[in-house]
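In: Here is my input; please provide its structure:
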Amino acid sequence: LNKGVKQPPLLGGLGHPLGRTFFFQEWLPEEFVERISQLDTQSPVTKINVAVDRLPDFLAAPNAPRGQPLPHHQCSIHLNCEDTLLLHRAFEDAMDGLPSHRPMIELCIPSSLDPTLAPPGCHVISLFTQYTPYTLAAGKVWDEQERNAYADRVCDCIEAYAPGFKGSVVGRDILTPPDLERVFGLPGGNIFHCAMALDQLYFARPVPRHSSYRCPLRGLYLCGSGAHPGGGVMGAAGRNAAHVVFRDLRSM
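Out: Numbering: from 1, shown residues only. From the prediction side, this is the model:
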C-alpha cells in the first residue's frame, strides 16, 4: 500500500477474493461491493489428508521390491476418471445434494519427494476429491458420521486401484466444503476464492473493470486465486500483479 495514504482497518479473510485481507465495506464503492457479493463461491471439493504406513501399491504399476518411491508416486495420480461419463455421474450426484458415489480422486504423495514429512517407511497422502455439495440433501449435515462415510467411500475406491491401501491407513483428516470455509476462511469452501466458471475467468475475474489487478482503493492490488488466471499453485496472479505495481510506480 502507498505510504502517506490513509489506510482502512483490516479484517482477516484468507479466502476472500481480495486476498489475505479485506476491508470494511464502507471503504469500497457500493457497485464493487455488490459485484463481489454476487460471485459464485460454491465448492464441490472435499480434501482428505491421510497418513499411511507404506506406499500405495497400484495394480497398474506395482511397487519396487524395497518399497522405495517410483516415478509415478512422485506425480499427481487421478482415479475414477477413465471417461467423461464417470465424471458426469459424479457431478450429477452433487447436484442432487449427495456426495459422489464414485468421486473423482486426485492423489498426491508429497513424502515421496520429501521424506522428512513422515517417519521412515511411512507416507502422507493428499486427496483432492469431488464432487461433494456444500449443503446435503434431505436435511442432512456434514457431521462426523457423514464425513467418515464419504472418506470410507473414497478409500474403497483407492483400494480397487491399490489393494491393501485401506489397511495401510493410520490416520486421516477430512475437510468438507463447510470445514474448509470454517478453518481457512474460504467462502463456500472454495480454494480458488471464487468458482473457475466461464463468467468468472479472464477479463471477468474477479469482476469486469477490476481484472487488471487494481482495486477501487488506490495502492491495493489483487494477487490471489480470485484474480486472473485463477486458482492453482503457480504464482501467476502474483507475478502479473507485481508487474502492474511496477508500471504504476514508474508512472507516479
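In: what about G235, neighbour count?
Out: Residues near G235, counting by other Cβ atoms under 10 Å, number 10. (Each C-beta comes from the backbone N, C-alpha and C, glycine too.)
In: Would you mind stating the distance between it and A242?
Out: Distance, G235 to A242, using Cβ to Cβ, to the nearest Å: 10 Å.
In: what's near enough to touch S211?
Out: Y202, F203, A204, R205, A227, H228 (Cβ atoms under 8 Å, 6 or more residues apart in numbering).
In: out of those residues, who's nearest G185?
Out: Nearest to G185 among the contacts of S211: A227, at 17.3 Å, using Cβ to Cβ.
In: What score does that closest one have for pLDDT?
Out: At A227, the pLDDT value in this model is 94.
In: A237 is in contact with that one, correct?
Out: Yes. Counting by Cβ atoms under 8 Å, A227 touches A237, with 4.2 Å between them.
In: Find residues that contact each of these two.
Out: Shared contacts of A227 and A237 (Cβ under 8 Å, 6+ apart): Y213.
In: and the residue nearest the centre of the chain, how far is that from S212?
Out: For the chain, the residue nearest the mean C-alpha position is I191 (3.5 Å; Cα atoms, centre = their mean). Applying Cβ to Cβ, the value for I191 to S212 is 24 Å.
In: pull the CA atoms of the strand or helix carrying I36 into PDB?
Out: In this assignment (DSSP states H and E), I36 forms part of helix 30-37. Taking Å, rounded to 0.1, in the frame of the first residue of the first chain, the C-alpha atoms of helix 30-37 are listed here in PDB:
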ATOM      1  CA  GLU A  30     -21.200   0.300  -3.500                       C
ATOM      2  CA  GLU A  31     -21.100  -1.100  -7.000                       C
ATOM      3  CA  PHE A  32     -17.900  -3.000  -6.400                       C
ATOM      4  CA  VAL A  33     -19.200  -4.500  -3.100                       C
ATOM      5  CA  GLU A  34     -22.400  -5.600  -4.900                       C
ATOM      6  CA  ARG A  35     -20.500  -7.300  -7.700                       C
ATOM      7  CA  ILE A  36     -18.200  -9.100  -5.300                       C
ATOM      8  CA  SER A  37     -21.100 -10.300  -3.200                       C
END
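In: in stretch 60-70, what's buried?
Out: Using 16 or more other Cβ atoms under 10 Å as the test for burial, stretch 60-70 gives N63, P69.
In: Show which residues not belonging to that stretch make contact with it.
Out: Residues outside stretch 60-70 that contact it (Cβ under 8 Å, 6+ apart) are R54, L55, D57, H72, I109, S112, L113, G121, Y161.
In: Provide a ChimeraX selection command restricted to the buried entries of the residues you listed.
Out: Filtering the contacts of stretch 60-70 down to the buried ones (16+ other Cβ under 10 Å) takes a single ChimeraX command:
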select :55,57,109,112,161
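In: what about the helices in the stretch 1-150 of the chain?
Out: 30-37, 84-95, 144-161 (DSSP state H, counting those that start in this stretch).
In: Tell me the first helix or strand C-terminal of the last one.
Out: Pointing back at helix 144-161 there. Downstream of helix 144-161, the next assigned helix or strand under DSSP H and E is helix 165-168.
In: In a markdown table: the contacts of S211, plus secondary structure and neighbour count.
Out: As requested, the contacts of S211 are arranged in a markdown table below (DSSP: H, G, I helix; E, B strand; the rest coil; neighbours: other Cβ atoms under 10 Å):
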| residue | secondary structure | neighbour count |
| --- | --- | --- |
| Y202 | helix | 12 |
| F203 | helix | 10 |
| A204 | helix | 16 |
| R205 | coil | 26 |
| A227 | coil | 26 |
| H228 | coil | 19 |
